[in-house]
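1. Following is a predicted model, sequence given first.
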Amino acid sequence: MKILVCISNVPDTTTKITFTNDNTQFNTAGVQFIVNPYDEIALSRAIELCEGGKGTVTVINVGEAATEPTIRKALAIGADDAVRVNATPRDAYFTAFQIAEYAKANDFDAILCGRESIDYNGSQVAAMIGEFLDIPSISIIKKLDFDGTTATIEREIEGGKEVVSVTGKFVASCAEGTAEAKIPNMRGIMSARTKPLTVVEAAAVEELGKVTKFETPAPRGAVRLVPAESAEDLIGLLHSEAKVI
Amino acid sequence: MSVLVYVEQVDGKFKKSVFEAVSYAKAIADNQNTSLTAISIGNVAEGDLKELGKYGAAKVLNVANDQLKTFVNQAYAAVIAEAATKEGSNIVVLSNSFSGKGLSPRIAVKLKAGLVDGAVELPNFDGGFSVKKTAFSGKAFAVTSLTSANKVIALNPNAFGVKENPAEAVIENFSPEVKATDLTAIVKEIVRATNKVSLPDAELVVSAGRGLKGPENWGMIEELADLLGAATACSKPVSDADWRPHSEHVGQTGIAISPNLYIAIGISGAIQHLAGVSSSKVIVVINKDPEAPFFKVADYGIVGDAFEVVPKIIAALKAHKG
């Protein structure tokens, strides 16, 4: 079976977020970029499913040449080959369209994404790919078993879970629990340098919107400390002052 | 032109987040001087559908099709998009719930609509149409300007609140044809934790971390949550250690939440955790380390041992509730 895993190049989780150009652009100065943590989970599950010669894993990223270290990291984790769609990822619609175009031409059995990217927190790409390809999409999954024909998937729902069965091609977005993120070993790192990384050009797609400005949350006031000896006073404060209980 | 809101049902009932989405959609409809239509898929009783009028829905399209009893992303998106076309709705609103997150992108592609998910405010109509949404896991907001004729907005839970705006809801049966190819993902089983408050749209959340020392000590956390009617949550190290399920992990790589009250017990407040909870309206931190970074973003704090402090709070809460 052939699995396509979509990876996003995002700022490291410890990044202090700042903006430039009158708060219209994310400040990338000094920022370390990583494989989106949820995409790592998707990649790890794809690798597990294909272990032992059961299939191949291709990673795809929509990005400029600067994202190649992130793609090589995914190859070091264990993907067989990689594709970079040579474009700035304008938004989810643009990204999903490019991935769908590639998937149409290359016939994958399953496409896996992370549940969302940690930069724009969009959980859009997986379902958009599903719609562009007219195949099922299952979002925010916690478990995935797939034999190349039928997938059994556990999906998170409010206050519980749902078990979904899909026959045929599908897209799924993976959350924690689907797999433990794999750490590249030395052999993986060495072999990643020589694994195939194909660059394809982007297809034209219309723009439906864009981020015009960023804002940062208003700073919170100073903490009001309640002595541990009179911890019970907290309840009165939450009731009469904060009015939340 | 009108506004369409998708009202998600759970076991035939609407949750608070649905009334919030209807309230939000009604505010947009009022601004645009147009009417609000709701669409419900699944078997919901007429009385419950009528209830949507209380929040401003003038019409409710009721899709009671047995093939759509359980959630099927592909088919639901097709039905909602068809309803939008039928109603001439150029703005579609839904909750940014687990299901909403899977639906809104498919609807957006079908309608060639710009999509804002994770919306936290009403759109700004001054010279265009822009919506503020969460970004960088709560460390920032991104104002997204939509230029497409059709627009889809997925509203974050607890971002707008429920606002009554009474209208008489007219119920209309809507029976679009469902393609067999849209029904290939089949729900085999639904497992719901009974009596548990759902975390993503909980108004109150009690969360604990490694300071609790082990899963056997979660009894007092659950007792406190039960007394408050709150959902329980945890930090990443706790779910990584399997003390609690992954579905309770809040933070940058878990669930981002914005409840009215977030009580963090024995959690130091790593940047990744703060990112996912910092939009909570009131934050209470209980930690024995006075230098814990969480105190810098807390509204109320108690420096003390959780095993001594939490029982006192539980006792005070019992007394408060009488």
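-> Thanks, I have it.
2. what about the nearest residue to residue A:24 once chain neighbours are set aside, helix or strand, and which?
-> Spatial nearest neighbour of residue A:24, chain neighbours left out: residue A:213 (5.8 Å); criterion: CB to CB, 6 or more residues apart in numbering or on different chains. From N, CA and C alone the C-beta is placed, and that goes for glycine too. Per DSSP states H and E, residue A:213 falls inside strand A:209-215.
3. Show me what the helix or strand following that strand packs onto, helices and strands only.
-> Downstream of strand A:209-215, the next assigned helix or strand under DSSP H and E is strand A:224-225. On a contact count with 3 or more CB pairs under 8 Å, 6 or more residues apart in numbering or on different chains; DSSP states H and E, strand A:224-225 meets strand B:300-303.
4. Partner strands of the strand it packs on and their direction?
-> Paired neighbours of strand B:300-303 in the sheet (DSSP bridges): strand A:224-225 (parallel), strand B:282-287 (parallel).
5. Need the winner for burial among those strands.
-> strand B:282-287 (a mean of 25; mean count of other CB atoms under 10 Å in any protein chain shown).
6. ok, how many other residues are close to whatever residue of chain B ends up closest to chain A?
-> Per CB to the nearest CB, residue B:304 is where chain B lies closest to chain A, at 2.9 Å. Using other CB atoms under 10 Å in any protein chain shown, residue B:304 has 19 neighbouring residues.
7. list the contacts for it?
-> By CB atoms under 8 Å, 6 or more residues apart in numbering or on different chains, the residues touching residue B:304 are A:228, A:231, B:286, B:288.
8. how about these, which pair is most distant?
-> Of all pairs drawn from the contacts of residue B:304, the greatest distance, 12.4 Å, lies between A:231 and B:288 (CB to CB).
9. out of those two, which sits in the busier spot?
-> Set residue A:231 next to residue B:288 and count neighbours by other CB under 10 Å: residue A:231 wins out with 21 against 16.
10. The residue of chain A found nearest chain B - nearest residue in space that isn't next to it in sequence?
-> Here the residue of chain A nearest chain B is residue A:228; by CB to the nearest CB that distance is 2.9 Å. Excluding its sequence neighbours, the residue lying closest to residue A:228 (CB to CB, 6+ apart) is residue B:304, at 2.9 Å.
11. cool, residue A:100 as well?
-> Spatially, and ignoring its direct neighbours in sequence, residue A:100 is nearest to residue A:132 (3.5 Å; CB to CB, 6+ apart).
12. Equivalent analysis for residue A:15, please.
-> Leaving aside its sequence neighbours, residue A:15 sits nearest to residue A:31 (CB to CB, 6+ apart; 5.4 Å).
13. same question, residue B:266
-> residue B:211 (2.1 Å).
14. Run through the helices of chain A in chain order.
-> With DSSP state H as the criterion, chain A has helices at A:37-50, A:68-77, A:92-106, A:125-133, A:186-192, A:233-236.
15. Deepest in the core, which of those helices is it.
-> Scoring the helices of chain A by mean neighbour count under mean count of other CB under 10 Å gives helix A:125-133 as the most buried, with a mean of 27.
16. how far does it sit from the chain's center?
-> Computed by CA atoms, centre = their mean, to the nearest Å, the chain-centroid distance of helix A:125-133 equals 14 Å.
17. cool, stretch A:214-231 as well?
-> Distance of stretch A:214-231 from the chain centroid (CA atoms, centre = their mean) equals 32 Å.
18. measure that stretch end to end?
-> 39 Å (CA to CA, to the nearest Å).
19. Could you pull out the buried residues of that stretch?
-> Using 16 or more other CB atoms under 10 Å in any protein chain shown as the burial criterion, the residues of stretch A:214-231 that qualify are A:214, A:223, A:226, A:231.
20. hmm, back to that, right, and the residue of chain A closest to chain B touches residue B:307 too?
-> No - shown here, residue A:228 and residue B:307 do not form a contact pair, counting by CB atoms under 8 Å, at 11.2 Å.
21. close to chain B, is the top strand by length along chain A?
-> The longest strand of chain A (DSSP state E) is strand A:137-146. Yes - using CB under 8 Å from any CB of the partner chain, strand A:137-146 comes into contact with chain B via A:137-140, A:142.
22. In a strand, residue B:189, correct?
-> Yes - per DSSP: H, G, I helix; E, B strand; the rest coil, residue B:189 lies within a strand segment.
23. which residues touch it?
-> A:162-163.
24. so how far is residue A:172 from it?
-> Counting by CB to CB, to the nearest Å, the gap from residue B:189 to residue A:172 is 17 Å.
25. circling back: name all residues that make contact with the residue of chain A closest to chain B.
-> Residue A:228 makes contact with B:302-305, B:308-309, according to CB under 8 Å, 6+ apart.
26. from the residues you listed, which two are the most distant?
-> Based on CB to CB, the longest span within the contacts of residue A:228 runs between B:303 and B:308 and measures 11.5 Å.
27. Looking at those two, which has the bigger crowd around it?
-> Taking other CB under 10 Å, residue B:303 and residue B:308 do not tie; residue B:303 has more neighbours (19 against 13).
28. Tell me the bridge partners for the residue nearest the centre of chain A.
-> Geometric centre of chain A, nearest residue: residue A:114, 3.2 Å, by CA atoms, centre = their mean. On the basis of DSSP bridges, residue A:114 is bridged to residue A:174.
29. And for residue A:82?
-> Beta-bridge partners of residue A:82, counted by DSSP bridges, are residue A:59, residue A:197.
30. Please apply the same query to the one 4 residues further on.
-> For residue A:86, the beta-bridge partners are residue A:63, residue A:201 (DSSP bridges).
31. count of residues packed around it?
-> Residue A:86 has 14 neighbouring residues, counting by other CB under 10 Å.
32. Now for it: which residues touch it?
-> Going by CB under 8 Å, 6+ apart, residue A:86 touches A:64-65, A:199-202.
33. Any quick ChimeraX command for the buried ones out of those?
-> Burial among the contacts of residue A:86 is assessed by 16+ other CB under 10 Å; the matching ChimeraX selection reads:
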select /A:200,202
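34. Specify which member of the contacts of residue A:86 is nearest to residue B:218.
-> Nearest to residue B:218 among these: residue A:64, at 46.6 Å, using CB to CB.
35. pretty sure the closest one is touching residue A:87, no?
-> Yes - here residue A:64 reaches residue A:87: they are 7.3 Å apart, a contact under CB under 8 Å.
36. Tell me the spacing between the residue positioned nearest the centre of chain B and residue A:243.
-> Most central in chain B under CA atoms, centre = their mean is residue B:157, positioned 3.3 Å from the mean C-alpha point. Plainly put, residue B:157 is 20 Å away from residue A:243 if you go by CB to CB.
37. Note down every partner strand of the helix or strand hosting residue B:264 and its orientation.
-> Using DSSP H and E, residue B:264 sits in strand B:261-265. Strand pairing for strand B:261-265, using DSSP bridges, gives strand B:204-208 (parallel), strand B:282-287 (parallel).
38. Out of the strands paired with strand B:300-303, flag the one nearest residue B:295.
-> strand B:282-287 (5.5 Å).
39. pull the CA atoms of that closest one into PDB?
-> Output in PDB follows, covering the C-alpha atoms of strand B:282-287 (Å, rounded to 0.1, in the frame of the first residue of the first chain):
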ATOM      1  CA  VAL B 282     -10.100  33.200  34.900                       C
ATOM      2  CA  ILE B 283      -7.100  31.100  35.800                       C
ATOM      3  CA  VAL B 284      -6.400  29.600  39.300                       C
ATOM      4  CA  VAL B 285      -3.000  28.000  39.900                       C
ATOM      5  CA  ILE B 286      -2.200  25.800  42.900                       C
ATOM      6  CA  ASN B 287       1.500  24.800  43.100                       C
END
